[in-house]
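Q: model the structure of this input:
(chains A and B)
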Amino acid sequence: MIQRFDTDTQAALLRKNSLLTGVPEVFPRRTRYGEADALSAGLQPVEDALDVLVNPDSYKEVIADCHARKIFPLYHQYASWCPPGQKWNQNGLGFCWTWSGTAALMTVRALEGKDTVQLAPVSMGYLVGWKNQGNYLESFIQGAREEGIAPASHVPNPLSIKPSQYTKGWDVERSKYRLDGVWDCNDRAGDDVMIQHCVSILAAGRPLYVAYNFWGHAVPIMALRWDESVVNNIAWVIRNSHNEDDVIELTGTKGVPSEAFGFISTKLAE
Amino acid sequence: MWYTESMRSIKSHSAAAAVFLACVAICHTVLGQLTVLPSEGKSLGSASAPQPGKWIVFATGFMPVSPVLLDGGKSIIWEGVSGEYAVIYFPPGDGQPLVQKVVLGSAAPTPGPGPGPTPPPVPGGKKQVLIVYDQDRLDNLPPDQRAILTSLDYREQLKASGHKLLGIFALQSLGTAESKYKPFLDAVSGQTLPRVVFAPLAGGTVTGIPLPDTFAELEKRLGYEK
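A: Okay, here's the model as predicted:
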């Protein structure tokens, strides 16, 4: 059964697992939506990428259609790297920023019809000097674009942040799994705008790579559920990395991401 | 035409042996130049029979191929793109015609001629399919067309029909490196997007068409109708 958490009343419960890592895992974004620093980092504003965003009056129908035709990235995730019942676990490392980004990238590959290849989130540890510490989402995006993520076949211990323990050639193999297109969501114009941007990207079949400041945590959002009993009528469906055997859902005012990036495509290496 | 269970009277040779035959029998000098087969991107096929006869060769889609007669009509060779060919031999007198299927080249498809303004529906059969779209114009597409690019449900239906989806790629993510999908990507180059490119599952001519407006139309164009 999929667990649902109300961010307005169960925030402490959510933070409990994050506190187990012992380190702050995610830092608030450094770049500013739509401004030079974000643009130079390749973070394309979704309002520039899409001429037409999903109308809020259509959220219910769009969400229903995305489930009916299995358009949401959740279904591609289920059909590829993480079916229901399979766990996804950062296991005490303060590496949610790469567990979530890696999940989103593998899901984009599935959307593109590419072969399912399990990737190793720890291989991005070079971004933090191979230390158990948090990072910026933009840093992961840059690394995933420039270097790529190593396949799990080259990382025998999925929790090792010692590259000397990786299989020789891991740093070459990773170039086959590189992120390409990224759309940026506006985190400076209020929840309604953020929701619209997120809905529009998810309705395009793309996963969201997001951070929640209340939680100090990064997760990928894979779908939405329309529920008129909750705030914003939306439950956010996320593939968390705390050893759950399925996705979890977030509701409440804090369910709206603090920052969000849509992963659009990966570089063709085949 | 009649089929016979005994195909031993027709021998199909490997492409390597056919190349040797071609070199021995066909190489000649014309105005000081040497003409050789096969041409670039093509393979050679050959067939032989105990007696001289009449030969007909068809490529996929019953496209006629003109074979070259050898050894007084006992043997033929022909060149063509990778794919399936039907060889029909009419022995002298009242003998029954014999038919043999021959596959030239590997399963990897080679580029075929351009699709033309309105290519006719492709004959039935399982296909390998690749789709390319413009990421910057994704939201300009009608909802049903966008759904073709993203719906897992549609992909499952394609797979159930026996087709193989090679990928759905954004033009911007293709890069410049040589790809194993080169024949398909070549068919997209310079064309209006989104575009669907397909070839027979066993290999053959690559065909590119504009992405149909609906999934039902796409299925029809791939040769599958419910």
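
Q: burial check on residue B:192, number of neighbours?
A: Residue B:192: 9 surrounding residues under other C-beta atoms under 10 Å in any protein chain shown. Any C-beta I mention is one placed from the backbone N, CA and C, and that applies to glycine too.

Q: may I see the buried residues of stretch A:116-131?
A: A:117, A:119, A:120, A:121, A:122, A:123, A:124, A:125, A:127, A:128 (16 or more other C-beta atoms under 10 Å in any protein chain shown).

Q: same thing with stretch B:178-189?
A: Buried residues in stretch B:178-189, counted by 16+ other C-beta under 10 Å: B:179, B:181, B:183, B:184, B:185, B:187, B:188.

Q: filter these down to the ones close to chain A.
A: Filtering these for proximity to chain A by C-beta under 8 Å from any C-beta of the partner chain leaves B:179, B:181.

Q: which SSE is residue A:60 in?
A: Element membership for residue A:60 (DSSP states H and E) is helix A:59-68.

Q: check residue A:110 too.
A: Here residue A:110, judged by DSSP H and E, is contained in helix A:96-111.

Q: and that helix, what does it pack against?
A: helix A:73-78, strand A:135-136, helix A:137-146, strand A:208-212, strand A:217-226, strand A:259-263 (3 or more C-beta pairs under 8 Å, 6 or more residues apart in numbering or on different chains; DSSP states H and E).

Q: that older thread, from the buried residues of stretch B:178-189, which two are the most distant?
A: Across the buried residues of stretch B:178-189, the longest distance by C-beta to C-beta is 12.6 Å; it joins B:179 and B:187.

Q: wait, isn't residue B:151 in contact with residue A:70?
A: Yes. With contact defined as C-beta atoms under 8 Å, residue B:151 reaches residue A:70; the gap is 5.7 Å.

Q: how about the residues of the stretch 151-270 of chain A by chain B?
A: So far as C-beta under 8 Å from any C-beta goes, the stretch 151-270 of chain A lies against chain B at A:180, A:181, A:200, A:204, A:205, A:264, A:265, A:266, A:267, A:268, A:269, A:270.

Q: which single residue of chain B ends up nearest chain A?
A: Per C-beta to the nearest C-beta, residue B:150 is where chain B lies closest to chain A, at 3.1 Å.

Q: so what's the residue count around that residue?
A: Look at residue B:150: counted by other C-beta under 10 Å, it has 24 neighbours.

Q: cool, and residue A:65?
A: By other C-beta under 10 Å, the residues close to residue A:65 number 16.

Q: who touches it in this structure?
A: Shown in contact with residue A:65 (C-beta atoms under 8 Å, 6 or more residues apart in numbering or on different chains): A:71, B:143.

Q: for the closest residue to chain B within the stretch 1-150 of chain A, give its distance to residue A:78.
A: For the stretch 1-150 of chain A and chain B, the shortest gap (C-beta to the nearest C-beta) falls at residue A:70, measuring 3.7 Å. Residue A:70 is 9 Å from residue A:78, where distance means C-beta to C-beta, to the nearest Å.

Q: residue ranges with poor pLDDT in chain B?
A: Within chain B, the stretches with pLDDT under 70 are B:1-36, B:58-64, B:84, B:86, B:94-97, B:99-101, B:106-123, B:177, B:224-226.

Q: need the residues of it near chain A, please.
A: For chain B, the contact set with chain A under C-beta under 8 Å from any C-beta comprises B:135-136, B:138-140, B:143, B:146-147, B:149-156, B:165-170, B:172-175, B:177, B:179-181.

Q: 10 Å - rerun?
A: Within reach of chain A by C-beta under 10 Å from any C-beta of the partner chain, chain B has these residues: B:129-131, B:135-140, B:143-144, B:146-156, B:164-175, B:177, B:179-181, B:185, B:215.

Q: from the residues you listed, which land in strands?
A: B:129, B:130, B:131, B:164, B:165, B:166, B:167, B:168, B:169, B:170 (DSSP state E).

Q: tell me the bridge partners for the last one.
A: Listed by DSSP bridges, the beta-bridge partners for residue B:170 are residue B:133.

Q: now for residue A:70 and residue A:78: what residues contact both?
A: Common neighbours of residue A:70 and residue A:78, using C-beta atoms under 10 Å, 6 or more residues apart in numbering or on different chains, are residue B:152.
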